[in-house]
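S.K.: when you get a sec, could you give me coordinates for this:
(chains A, B, C and D)
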Protein chains: 2
Amino acid sequence: MASVTITDVARRAGVSMKTVSRVMNAEPHVRQEVREKVLHVARELRYRPKVSARSLAGARSYQVGFALNVVSPYAMHAQLGALRACHDRGFHLVVEPIDLSSPDLASDMEALVNGLAIDGMILLPPVCDDAVVLGALDEAGIPCVRLAPATARERGPIVEVDDEGAARIITDHLLDLGHRRIGLIQGPPNHAASVRRLEGFRKALAGRGLQPDPALIQPGTFYYRTGLEGAERLLALPDPPTAIFASNDEMALAVMAKAQALGLRVPEDLSVAGFDDIASAGMIWPGLTTMRQPMADMGAAAAEIIISRSGKTSADGPAAPLRFDCELVVRGSTAPPR
Amino acid sequence: MASVTITDVARRAGVSMKTVSRVMNAEPHVRQEVREKVLHVARELRYRPKVSARSLAGARSYQVGFALNVVSPYAMHAQLGALRACHDRGFHLVVEPIDLSSPDLASDMEALVNGLAIDGMILLPPVCDDAVVLGALDEAGIPCVRLAPATARERGPIVEVDDEGAARIITDHLLDLGHRRIGLIQGPPNHAASVRRLEGFRKALAGRGLQPDPALIQPGTFYYRTGLEGAERLLALPDPPTAIFASNDEMALAVMAKAQALGLRVPEDLSVAGFDDIASAGMIWPGLTTMRQPMADMGAAAAEIIISRSGKTSADGPAAPLRFDCELVVRGSTAPPR
DNA sequence: ATGAAAGCGCTAACAC
DNA sequence: GTGTTAGCGCTTTCAT
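M.R.: This is a model prediction of the structure:
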């Protein structure tokens, strides 16, 4: 019942508390022989250092924060990846809601950074681009790793994908199939990925000497409803596109639903492509052609950065953004035009 | 920079540390006047009690554990609900992976309960039905709240829905539309919800004096692939069903995809109903008729139970399972048979 | 109703 | 390479 402490291990191993501490933290200056002895006793006694005692006494807390505000496949996979990385390294993941629309965000953040002990925080869009959030974390000396940030890109570690290149690849896929009138539904303008995906789309067209028809580029916010609206406008055009590339899968699903509701067949009458490869992209009929983002790997990488830097006083300089590769997943929603 | 501590507040308010502690914990035996003074100073100094110091010194940790192994809409919504509840009450949510297929689950659990300080843990199927997990938590004196457990139902608080009643309602919906040959794809047999949904299905049929044809009841595991397989077998029957009720939405999506791949039209040739109301149920065409489970509310309720019991020595007896209501969501995937 | 003293289990800063 | 001594910021217990 009574849990075993560092002194129990020290006594049993015939060494001091501090030596046990050194061994448990894999610090140098311990004879191999002593190290093994301590490790043996620790295992025998099933000793586990208490997170709360460690974070109270030391400079690190063995906890990583993850900001989560909504349920989205994107965020969930990143969280799971971060969770796995934390667990592998003996860390814990504390999830915190950060509500950008809070009446007093500054105070919320201040409560978060002062009450909780975390070695770093993982931030996703749009939270990762909020100045108040970033400022509060900064002031508290809590490093943060951001996934696909749009602003302040010099401000600490970044994990992202090559959105522009990926969008170019998926547009090329459509072009290769023979499509020439391709519609695009954009993401929110304040989201870095949106802008870069549009750019990739443009460059792919330009690569074939094509000018994008402005009418074929519709605004969106990554939400389903805006996919529906964009598709509606696109398909009502006098000369409608034969293919639509939605900047994320949720909107792509909306495009497919709208097309089917209008009696169009996918992919015979309209090809549809998305971005993200959320689970349902592979669960509908026809399957959605899309770009797979390695969200779990990215979340894990973000956690790794925090973990490896934890305990160190200085950040080892502004490393270049960590870039992960996307993978084109071709399913039934894309085919040559009639 | 240097964060404010309880002594700072005590000094500034002209009282002892202990009085500040009493005020911060809303304990009795403090004069109203003093209480207000302390509260005022605390606010002024932006004082936030440190979680790590509290959990080290006291009996409670202000942290709730949430076991998460996979990304599923079901789990994610429960997590978000729990997260919100924790945040509202000044608690933090620590997510932990519990891998039932681990080579040494007992040791994993032992590490979890000894290293971390949590006031309770929220468990979902199938983790909530594992004897090793439950045993380890029990031994460490960590209360757990389980969502829809199948086993050991006397073992602490339970949060669930009336799966049987809900399945009955959705089957009745199909019967009301005029369907008489209704296929069922079951969930995994070790999952409480599966069994009860089957029972509800049976009772609904019996309510109309119908005998379920055994060939119309197909096994499944809640995973997409098994939905595909079940649908395949059902639709290959000499006298195929005119409607299929899949025990969860993921399998229902598979049924729709399979039907459409076979050239059948939903709902004209086949009605499909699911269970859960995951996001994609409303994003496909036609929309999936399903039962909405209030997962976020359930997760929040689970967290609330842990929070309100935290600090208390004894659990106030085995309360009856907390039951939440489901809601039938009728979309385009169900219609009268031809 | 309030306060003083004693830790909780660990790491930090030094000694040796 | 190893041990000693102090705390970290709270809650606890026990006085008053």
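S.K.: which residues in the stretch 51-200 of chain A form helices?
M.R.: A:51-57, A:73-88, A:105-115, A:131-139, A:163-176, A:192-207 (DSSP state H, counting those that start in this stretch).
S.K.: is the shortest one anywhere near DNA strand C?
M.R.: Yes: part of helix A:51-57 sits near DNA strand C under the criterion CB under 7 Å from any atom of the strand, namely A:53-54, A:56-57. Yep, even glycine has a C-beta here, placed from its N, CA and C like the rest.
S.K.: could you chop chain A up by domain?
M.R.: Domain ranges of chain A: A:6-49, A:60-160+A:295-323, A:163-294, per automatic domain parsing.
S.K.: quick one on the thing from earlier: as JSON lines, the helices of the stretch 51-200 of chain A with mean pLDDT and mean neighbour count would be great.
M.R.: Converted to JSON lines, the helices of the stretch 51-200 of chain A look like this (pLDDT from 0 to 100; neighbours: other CB atoms under 10 Å in any protein chain shown):
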{"stretch": "helix A:51-57", "mean pLDDT": "95", "mean neighbour count": "20"}
{"stretch": "helix A:73-88", "mean pLDDT": "97", "mean neighbour count": "23"}
{"stretch": "helix A:105-115", "mean pLDDT": "94", "mean neighbour count": "18"}
{"stretch": "helix A:131-139", "mean pLDDT": "95", "mean neighbour count": "17"}
{"stretch": "helix A:163-176", "mean pLDDT": "98", "mean neighbour count": "21"}
{"stretch": "helix A:192-207", "mean pLDDT": "97", "mean neighbour count": "20"}
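S.K.: go through the ones you listed and name the closest to A:A252.
M.R.: Counting by CB to CB, A:A252 lies closest to helix A:163-176 out of the helices of the stretch 51-200 of chain A; the figure is 10.6 Å.
S.K.: average model confidence for stretch A:267-277?
M.R.: For stretch A:267-277, mean pLDDT is 98.
S.K.: report the buried residues of it.
M.R.: A:267, A:269-277 (16 or more other CB atoms under 10 Å in any protein chain shown).
S.K.: can you tell me which of those residues are in helices?
M.R.: Per DSSP state H, helices hold no members of these.
S.K.: out of these, who's nearest B:R43?
M.R.: Nearest to B:R43, judged by CB to CB, of the buried residues of stretch A:267-277 is A:D276 at 43.2 Å.
S.K.: wait, isn't that closest one in contact with A:N248?
M.R.: Yes: counting by CB atoms under 8 Å, A:D276 does reach A:N248; the two are 5.3 Å apart.
S.K.: ok, which stretches of the stretch 201-338 of chain A are strands?
M.R.: For the stretch 201-338 of chain A, the strands defined by DSSP state E, counting those that start in this stretch occupy A:217-218, A:243-246, A:271-273, A:290-292, A:322-324, A:327-329.
S.K.: any idea which of those is most buried?
M.R.: Mean neighbour count (mean count of other CB atoms under 10 Å in any protein chain shown) peaks for strand A:243-246 among the strands of the stretch 201-338 of chain A, with a mean of 31.
S.K.: to what extent is the residue in the stretch 151-300 of chain A positioned nearest to DNA strand D buried, counted in neighbours?
M.R.: Here the stretch 151-300 of chain A gets closest to DNA strand D at one residue, A:G156, 24.6 Å apart by CB to the nearest atom of the strand. For A:G156, the neighbour count with other CB atoms under 10 Å in any protein chain shown is 20.
S.K.: just checking, it touches A:I142?
M.R.: No: A:G156 lies out of contact with A:I142 (CB under 8 Å); the separation is 10.5 Å.
S.K.: average pLDDT for stretch A:248-257?
M.R.: 98.
S.K.: mind saving the C-alpha coords of it as CSV?
M.R.: Extracted C-alpha coordinates of stretch A:248-257, given in CSV (Å, rounded to 0.1, in the frame of the first residue of the first chain):
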residue,chain,number,x,y,z
ASN,A,248,-9.3,19.3,-46.7
ASP,A,249,-11.2,16.0,-46.5
GLU,A,250,-14.2,17.4,-44.5
MET,A,251,-14.9,19.8,-47.3
ALA,A,252,-14.2,17.1,-49.9
LEU,A,253,-16.8,14.9,-48.3
ALA,A,254,-19.2,17.8,-48.6
VAL,A,255,-18.4,18.2,-52.3
MET,A,256,-19.1,14.5,-52.9
ALA,A,257,-22.4,14.7,-50.9
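S.K.: please consider this matter closed, and thank you.
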